[in-house]
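In: could you work out the structure for the sequence below:
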Amino acid sequence: MAQYSAELDGVFLTLADPTRRAVVRRLGRGPTSVGDLAREFPMTLPSFMKHVRTLESNGLIRTVKSGRVRTCVLNRERLTLVDDWLSEQHRIWEERTDRLERFVTDTKEERQ
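Out: Residues are numbered from 1 along each chain as shown. Sure thing, here's the model as predicted:
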């Protein structure tokens, strides 16, 4: 997982912003235009576009332009990077708590 460190840092930094998390959540229901997305947020379109560019530059979304309409699509594969990291952390902590449980059980048995 160390080889993905810079990518993972970028994804977490991108998802640290509540507006960008809300965009990802919304795009989880399906693609939508930038204009429709922007209407859901109390900010100007140029400000919203900064969020779109950040999401796109970190690979969480991609945009497709058809005529004058730019549509945003969630890149679900990029989210597997986060899922893999969380799974690894879960496994590590499970092992640690299992060792602690064995230690406590063994210590208790030795005292009896």
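
In: which stretches of this protein have low pLDDT?
Out: 1-4, 98-99, 106, 108-109, 112 (pLDDT under 70).

In: buried residues, the longest helix seen in it. List them.
Out: In the chain, assigned by DSSP state H, the helix with the most residues is helix 76-111. Neighbour-count burial for helix 76-111 flags 78-79, 81, 85 (criterion: 16 or more other C-beta atoms under 10 Å). From N, CA and C alone the C-beta is placed, and that goes for glycine too.

In: going by distance to Trp93, which of those wins?
Out: Taking C-beta to C-beta as the measure, Trp93 lies nearest Trp85 of the buried residues of helix 76-111, at 12.8 Å.

In: Leu8 is in contact with the closest one, correct?
Out: Yes - using C-beta atoms under 8 Å, Trp85 is in contact with Leu8, at 5.7 Å.

In: quickly find the element holding Ser5.
Out: Using DSSP states H and E, Ser5 maps to helix 5-15.

In: quick check: what element follows that helix along the chain?
Out: Later in the chain than helix 5-15, the nearest helix or strand by DSSP H and E is helix 18-27.

In: by how many degrees do that next one and helix 5-15 diverge?
Out: 90 degrees (axes from the mean of the first three to the mean of the last three C-alpha atoms, to 10 degrees).

In: for whichever helix or strand comes after helix 18-27, packing partners?
Out: Next helix or strand after helix 18-27 toward the C-terminus (DSSP H and E): strand 32-33. Helices and strands touching strand 32-33, as assessed by 3 or more C-beta pairs under 8 Å, 6 or more residues apart in numbering; DSSP states H and E, comprise strand 69-74.
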